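Participant: Fold the following.
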Amino acid sequence: MNDEQFVTLIGDSETDETIMLLSERGHKVYESPMKNYSLVALAIRAAAHRNLDPVMLLDWCESCLLGEQALYETEASTLLSNWQKERHDLYD
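Facilitator: Alright, predicted model coming up:
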């Protein structure tokens, strides 16, 4: 296995784990598995790109799942930025 394949494997694992955790929160993530997998994977990539605090990752992915947000790579960073601002405003 080369480095690129290893990184892909780890990324897939993180997406699988996040989907399982969202399922444990009561979300029916397995009703549209391909769509939800893509949505969560995109949310995770956006979070990594913007260095989102790992503690907030599950909540961010849940927000994307509930709002079906971040359907396009070009929107994900902006949506994450807006989501972080809303969360910050809630707790200030």
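Participant: from here on, contacts and neighbour counts on C-alpha atoms
Facilitator: Will do.
Participant: Distance from the chain centre to stretch 30-42, please.
Facilitator: 10 Å (Cα atoms, centre = their mean, to the nearest Å).
Participant: which parts of that stretch are buried?
Facilitator: Buried residues in stretch 30-42, counted by 16 or more other Cα atoms under 10 Å: Asn36, Tyr37, Leu39, Val40, Ala41, Leu42.
Participant: Next, name the residue at the spatial heart of this protein.
Facilitator: Closest residue to the average C-alpha location of the chain: Ala43 at 3.0 Å, with Cα atoms, centre = their mean.
Participant: which one is that residue nearest to, not counting chain neighbours?
Facilitator: Sequence neighbours aside, Cys61 is the residue nearest to Ala43 in space, at 5.8 Å (criterion: Cα to Cα, 6 or more residues apart in numbering).
Participant: Secondary structure element holding the one you found?
Facilitator: Element membership for Cys61, per DSSP states H and E: helix 54-67.
Participant: And Ala43, by the same measure?
Facilitator: Going by DSSP H and E, Ala43 is part of helix 33-49.
Participant: Val40 and Glu17 touch, don't they?
Facilitator: No - the pair formed by Val40 and Glu17 falls short of the contact definition of Cα atoms under 8 Å, at 10.3 Å.
Participant: Which elements pack onto the helix holding Ala43?
Facilitator: Helix 33-49 sits against helix 3-24, helix 54-67, helix 73-91, with contacts defined as 3 or more Cα pairs under 8 Å, 6 or more residues apart in numbering; DSSP states H and E.
Participant: who's in contact with Asn82?
Facilitator: Applying Cα atoms under 8 Å, 6 or more residues apart in numbering to Asn82 gives no contacts.
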